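Participant: Could you work out the structure for the sequence below:
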Amino acid sequence: MILGLDPFSTGIAGVCLLIVLVLLGVRVFAAAAVTGFLGLLELKGWHVAASIAGQIPHSKTVTYPLSVLPFSS
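Facilitator: As a prediction, the model looks like this:
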């Protein structure tokens, strides 16, 4: 816990941060990723946030349909 917030307050702060980032023009996927990472960092600590931040993109992109691309000449 960096700020020492309880989970409910962390969630409210995360929603507010997400709205502010989107209104500032940050793309939704990037704003959600930053907000989610900071929320995990606050609730679970650095090791959990860093490991999940590395696992989720890997697990979402290493799929069979993405690895088999048709070849056209």
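Participant: Need the mean per-residue confidence for stretch 56-68.
Facilitator: Stretch 56-68 carries an average pLDDT of 67.
Participant: can you offset everything so residue one is 55?
Facilitator: Got it, first residue is 55 now, which makes that one stretch 110-122.
Participant: List the buried residues in the one helix or strand Gly68 maps to.
Facilitator: For Gly68, the enclosing helix or strand under DSSP states H and E is helix 61-77. For helix 61-77, the neighbour count (16 or more other CB atoms under 10 Å) marks 64, 67-68, 72, 75 as buried. All C-beta spots, glycine's among them, are computed from the backbone N, C-alpha and C.
Participant: what separates that helix from the chain centre, distance-wise?
Facilitator: How far helix 61-77 lies from its chain's middle: 13 Å, per CA atoms, centre = their mean, to the nearest Å.
Participant: Restrict the next helix-or-strand element following it to CA atoms and write it as CSV.
Facilitator: Downstream of helix 61-77, the first helix or strand assigned by DSSP H and E is helix 82-98. What follows is helix 82-98 as a C-alpha-only set of coordinates in CSV (Å, rounded to 0.1, in the frame of the first residue of the first chain):
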residue,chain,number,x,y,z
VAL,A,82,-9.2,4.4,-23.4
PHE,A,83,-7.1,1.2,-23.6
ALA,A,84,-4.0,3.1,-22.3
ALA,A,85,-6.0,5.0,-19.6
ALA,A,86,-7.5,1.7,-18.4
ALA,A,87,-4.1,0.0,-18.4
VAL,A,88,-2.5,2.7,-16.4
THR,A,89,-5.4,2.9,-14.0
GLY,A,90,-5.5,-0.8,-13.5
PHE,A,91,-1.8,-1.0,-12.9
LEU,A,92,-1.9,1.8,-10.3
GLY,A,93,-4.8,0.1,-8.6
LEU,A,94,-3.0,-3.2,-8.4
LEU,A,95,0.1,-1.4,-7.2
GLU,A,96,-1.9,0.3,-4.4
LEU,A,97,-3.9,-2.8,-3.3
LYS,A,98,-1.3,-5.6,-3.8
